[in-house]
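1. build the 3D model from these lines:
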Amino acid sequence: MPGGRLTQQERQQIALGMADGLAYAEIARRLDRPTSTITREVLRNGGPTAYRADLAHRATERRAHQRRQAAPREPQAPAQAYGRDPDAVREYEETFTAILMQQGLPKMMARVLTCLFTTDEGSVTASELVRRLQVSPASVSKAVTFLESQGLVRRERDERRRERYLVDDDVWYQSMMAAARANTQVAETARQGVSLLGRESPAAVRLENIARFVDFVGESMVRAAEQARDILHTNDPEQTDGRRLTAGG
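-> Residues are numbered from 1 along each chain as shown. Here you go, the predicted model:
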């Protein structure tokens, strides 16, 4: 399997594959590249509907040039813990960020969340995020505020009274609960329009169907999240392995 950076010709093949509606995995197979490489390439350069080979190639060259310019100003990178390959870690972080963006997170929020997920301590300060991501304090503050509102990040003070941002084992549970609450608001708002528009009107029927669907999905999300937390947080790995996660509760 070839390594190294994508060539301009490979990017042209990716663009043609996207235009033909091919899945990332199929494009990767044809180029003999990992699927994650294709996913990251597309998502960080316009996404499935706006990817262009020439623009992607120029953007990559520009980023590489910026990294080369910044390198002399940075101290020697410390050795990675657990024998990690720094280049592989960086590529993985870019892939994870791209996947989170595909799920709807803005880029900065996705970068901050990936940073938290891949930090052994599970928490960072604002200054650490600024230094690691090479962004402004204002960008970090905005990203953390958004992630906190989604239940993905929480804050606490350390022994030096510094504010730290962290994720824990409940991060996805809290996020699912936040999504369920948002679904409830959508359903309630939809039902407000039912009586306003006239219950027999096509618009009211449509809104009622939306409310019923969102209610069902929200309730299913809550049941599944609570069941998953109960099962996956058990202290007995053998018991966890022997139990099934089912949506029915």
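
2. so for I99, what pLDDT did the model give?
-> Model confidence at I99, given as pLDDT, is 83.

3. need phi/psi at L152.
-> When quoted as degrees, to the nearest 10, the phi and psi of L152 stand at phi -90, psi -20.

4. need the nearest residue in space to it, chain neighbours excluded.
-> Once its chain neighbours are removed from consideration, L152 has its nearest residue in S175; the separation is 5.2 Å (Cβ to Cβ, 6 or more residues apart in numbering). All C-beta spots, glycine's among them, are computed from the backbone N, C-alpha and C.

5. check G46 too.
-> Counting by Cβ to Cβ, 6+ apart, G46 lies nearest to R52, which is 6.5 Å off, once chain neighbours are set aside.

6. so that neighbour sits against M18, correct?
-> No: using Cβ atoms under 8 Å, R52 and M18 do not qualify as a contacting pair, with a distance of 9.6 Å.

7. and those two? which has more neighbours close in?
-> M18 (22 against 15; other Cβ atoms under 10 Å).

8. who's in contact with the more buried one?
-> The neighbours of M18, taking Cβ atoms under 8 Å, 6 or more residues apart in numbering as the test, are 27, 42, 48, 51.

9. so where's this protein shaky on pLDDT?
-> Per-residue confidence for the chain (pLDDT under 70) gives these ranges: 1-4, 64-80, 233-249.

10. domain ranges for it?
-> For the chain, the structural domains run 8-65, 83-166, 171-241, going by automatic domain parsing.

11. looking at the chain, which helix is longest?
-> With residue count as the measure and DSSP state H as the assignment, the chain has helix 202-232 as its longest helix.

12. and that one, what does it pack against?
-> With contacts defined as 3 or more Cβ pairs under 8 Å, 6 or more residues apart in numbering; DSSP states H and E, the packing partners of helix 202-232 are helix 171-197.

13. between the helix it packs on and helix 202-232, how many degrees?
-> Relative orientation of helix 171-197 with respect to helix 202-232: 160 degrees, computed using axes from the mean of the first three to the mean of the last three Cα atoms, to 10 degrees.

14. buried set for helix 171-197?
-> Buried residues in helix 171-197, defined by neighbour count with 16 or more other Cβ atoms under 10 Å: 171, 173-177, 179-180, 183-184, 186-187, 190-191, 193-194.

15. could you identify the most distant pair in those?
-> Every pair in those was compared (Cβ to Cβ); the two farthest apart turn out to be V171 and V194, at 35.6 Å.

16. okay, now L232: neighbour count?
-> That count, for L232 with other Cβ under 10 Å as the rule, works out to 13.
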